[in-house]
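Trainee: I'd like to go over a predicted model; first the sequence, then the structure.
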Amino acid sequence: MNHTQNPASSLTILIVDDEDNIRKTLAYCLEREGHRVVGVGNAADALAEVQRQSFDLAFVDLRLGPADGMDLIPVFRSDSPWTKVVVITAYASIETAVEAMRRGAADYIPKPFSADQIRLLVRRFSRIRELEAEVASLREDVKRLGPEARPQSRNPGMQRLIETVHKAAASEATIFLRGESGTGKSILARAIHQRSPRAAKPLAEISCPAVPPDLLESEFFGHAKGAFTGAVKDYAGRVALCAGGTLLLDEIGDLAPSVQAKLLRLIQDKEYERLGEATTRRADVRIIVATNADLEKRVAEGRFREDLFYRLNVISLLVPPLRERPEDILPLAEDFLSFFCRVNHKTRQGFTPEAAEALQRYSWPGNVRELRNSIERAVILGSGETIDRRDLPETIVPTPRTPGLGDRVPLSTIEELHIRRVLAEAGSFQEAADILGIDQATLWRRRKAYGI
């Protein structure tokens, strides 16, 4: 019977045991389950493998010749905190089990063990790994909570783009998302990840302008303790933390030149080093990049590496601005309205015709993000059963400027404004007539004429 798992749930497993027969037996059992296995016979080789690549699970024997496998557990936990360590030993006791757990082991299994025991244990950890990735993904979804999280459109051009996104998702190719700020590039990146074979593994995002240039390399690749001032402990870096998954680099045009060369090597050779270390590590991560910048122009100006640009530009997708897909404005606005009514416990029954017309007529320089913010504001500040044009921001529905003396308007307009202000401030109708220098009958006729 073939027990091979879905590739999305397969693990990368390290076996550390000085008995060659144990390593071979475990490797055979685990590889039949669809996992990738690396076996070593001593502590030094184990540490070298952990520094070179990422592992989901490690089986560690307690007796490794002159070395004590127990000493490897805290090192693993420090250098590779996402790796689950399972202690295996022929000298099982309650004391060693307690000590192994205290040092950070995830489980403890005595020798001799059966193939079924190993299979059940690994399946349990595979499920735990999937749940951890799912929780991380859900946390990211909560940060971006909103109906635009699912890419959809009524615009033919945008529909073709979404179809291309779905096709490209199944590949390992680098995806290059281009378009104005707020068009939904990160939403498309998430859709690519969720439809890819890497969906069960983490998706990490780095906003290049948000990280100070001197810390960007550390954020990417990690650092060793003491690598620079403030590096008080080891940090794995985003490349390692999303091992097996996807790394989204937002606003790649702002990437510091010092990091561009290292990113190029990561994409070409799948290798990198942490700051403060000489050990070369292997990377298992898919790269998606996004930018609103003109990278060709930056290449011509010498601000962006040409070789990196061509490495990134494998599958390039241009996301159209919202003003070029007007048929999406009202459906998106309705989705946002429904969402923000639920979140804020409000009841709003759609948009008035005037509000809908204003939404359609506006050019949306901030794209979908600006539309979302505008509808959220209208839901919170509006008071009617429907969203009216007066509930929308002034950028969308500008308030007309009050005419003043010398403006190119009819005299009657100035007279009407003046009478309205005097009536609002006067204590009585008679006082208003006196201020205006007219009798009450004349003032009455003026009020009736102007609808005051």
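Mentor: Yes, it's here. Keep in mind that this is a model prediction, so the values were computed, not measured.

Trainee: hmm, who's touching stretch 395-408?
Mentor: Among residues not part of stretch 395-408, those counted as contacts by CB atoms under 8 Å, 6 or more residues apart in numbering are 358, 359, 362, 374, 389, 390, 409, 413, 414, 417. For every residue, glycine as well, the C-beta is placed using N, CA and C.

Trainee: 6 Å instead, please
Mentor: 358, 362, 389, 409, 413 (CB atoms under 6 Å, 6 or more residues apart in numbering).

Trainee: I figured the first one was touching residue 389, is that so?
Mentor: Yes - counting by CB atoms under 6 Å, residue 358 touches residue 389, with 4.9 Å between them.

Trainee: Report the distance from stretch 109-116 to the chain centre.
Mentor: 41 Å (CA atoms, centre = their mean, to the nearest Å).

Trainee: go on, stretch 38-57?
Mentor: With CA atoms, centre = their mean, you get 31 Å for stretch 38-57.

Trainee: Can you give me the end-to-end span of that stretch?
Mentor: Across its full length, stretch 38-57 reaches 11 Å between end residues, using CA to CA, to the nearest Å.

Trainee: Okay, and which of the contacts of stretch 395-408 map to helices?
Mentor: 358, 413 (DSSP state H).

Trainee: Of the contacts of stretch 395-408, which pair is most distant in space?
Mentor: The largest separation in the contacts of stretch 395-408, counting by CB to CB, is between 362 and 413 at 27.2 Å.

Trainee: Show me which of these two is the more surrounded one.
Mentor: residue 362 (19 against 13; other CB atoms under 10 Å).

Trainee: Identify the residues contacting that one.
Mentor: Residues near residue 362 by CB under 6 Å, 6+ apart: residue 396.

Trainee: For residue 321, see how far away it is.
Mentor: As judged by CB to CB, to the nearest Å, residue 362 and residue 321 stand 12 Å apart.

Trainee: try residue 47
Mentor: The value you get for residue 47 to residue 321, if CB to CB is used, is 51 Å.

Trainee: One more: residue 243?
Mentor: From residue 243 to residue 321 the distance is 35 Å (CB to CB).

Trainee: more neighbours, these two?
Mentor: Per other CB under 10 Å, whichever of residue 243 and residue 321 has more neighbours is residue 243, with 23 against 17.

Trainee: Next, that one: secondary structure please.
Mentor: coil (DSSP: H, G, I helix; E, B strand; the rest coil).

Trainee: Quick check, it in contact with residue 283.
Mentor: No - counting by CB under 6 Å, residue 243 does not reach residue 283; the two are 7.6 Å apart.

Trainee: residues shared between the contacts of these two?
Mentor: In contact with both residue 243 and residue 283: no residue, using CB under 6 Å, 6+ apart.

Trainee: how close does residue 337 get to residue 385?
Mentor: In terms of CB to CB, residue 337 sits 12 Å off from residue 385.

Trainee: Ok, residue 99 next?
Mentor: Residue 99 is 67 Å from residue 385, by CB to CB.

Trainee: in stretch 343-358, what's buried?
Mentor: Buried residues in stretch 343-358, counted by 16 or more other CB atoms under 10 Å: 348, 351, 352, 355, 356, 358.

Trainee: now stretch 102-121
Mentor: So for stretch 102-121, counting by 16+ other CB under 10 Å, buried means 103, 104, 105, 106, 107, 108, 118, 121.

Trainee: distance between it and the chain's centre?
Mentor: 36 Å.

Trainee: Can you name the residues in contact with that stretch?
Mentor: For stretch 102-121, using CB under 6 Å, 6+ apart, the contacting residues are 29, 73-74, 77, 84-88, 90, 92, 97, 100.

Trainee: What's the end-to-end length of that stretch?
Mentor: 20 Å.

Trainee: So residue 125 versus residue 85, what's the distance?
Mentor: Taken as CB to CB, the span from residue 125 to residue 85 is 10 Å.

Trainee: thinking again about what came up before, out of the buried residues of stretch 343-358, which is nearest to residue 217?
Mentor: Of the buried residues of stretch 343-358, the one sitting nearest to residue 217 (CB to CB) turns out to be residue 358, at 46.7 Å.

Trainee: Return the residues in contact with that closest one.
Mentor: Counted by CB under 6 Å, 6+ apart, residue 358 has contacts 389, 392, 396, 397.

Trainee: SS state for the third one?
Mentor: Secondary structure for residue 396, judged by three-state DSSP, is coil.

Trainee: Now for it, how many residues are close by?
Mentor: 19.

Trainee: Kindly report the same for the first one.
Mentor: As a burial measure, residue 389 scores 17 neighbours (other CB under 10 Å).

Trainee: and the closest residue in space to residue 89 that isn't next to it in sequence, what does it touch?
Mentor: Closest residue to residue 89 apart from its sequence neighbours, by CB to CB, 6 or more residues apart in numbering: residue 62 at 4.1 Å. Counting by CB under 6 Å, 6+ apart, residue 62 touches 69, 70, 89.

Trainee: Same check on residue 392?
Mentor: Counting by CB under 6 Å, 6+ apart, residue 392 touches 358, 378.

Trainee: my read: residue 59 touches residue 85, true?
Mentor: No - in this structure residue 59 lies outside contact range of residue 85 using CB under 6 Å: 8.3 Å.

Trainee: Just the C-alpha atoms of stretch 74-83, please, in CSV.
Mentor: Output of stretch 74-83 as CSV, limited to C-alpha atoms (Å, rounded to 0.1, in the frame of the first residue of the first chain):
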residue,chain,number,x,y,z
PRO,A,74,18.4,24.0,22.6
VAL,A,75,20.7,24.7,19.7
PHE,A,76,18.0,23.5,17.2
ARG,A,77,15.4,25.6,19.1
SER,A,78,17.6,28.7,18.9
ASP,A,79,18.8,28.4,15.3
SER,A,80,15.7,26.9,13.8
PRO,A,81,12.8,27.7,16.2
TRP,A,82,10.1,26.3,13.8
THR,A,83,11.8,22.8,13.8
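
Trainee: contact partners of it?
Mentor: 50, 55, 58, 85, 103, 104, 234.

Trainee: where do the helices sit along the stretch 151-300 of the chain?
Mentor: 156-169, 185-194, 213-221, 238-241, 257-269, 295-300 (DSSP state H, counting those that start in this stretch).

Trainee: Name the residues that touch the last one?
Mentor: In this structure, residues lying in contact with helix 295-300 by CB under 6 Å, 6+ apart are 253, 304, 306, 309.

Trainee: Out of the residues you listed, who's the most crowded?
Mentor: Ranking those using other CB under 10 Å puts residue 304 first, with 23 neighbours.

Trainee: Sort out which of the contacts of stretch 102-121 are buried, if you could.
Mentor: Buried subset of these (neighbour count, 16+ other CB under 10 Å): 29, 73, 77, 84, 85, 86, 87, 88, 97, 100.

Trainee: Quick check: the fourth one touching residue 58?
Mentor: The one in question is residue 84. No - using CB under 6 Å, residue 84 makes no contact with residue 58, being 7.3 Å away.
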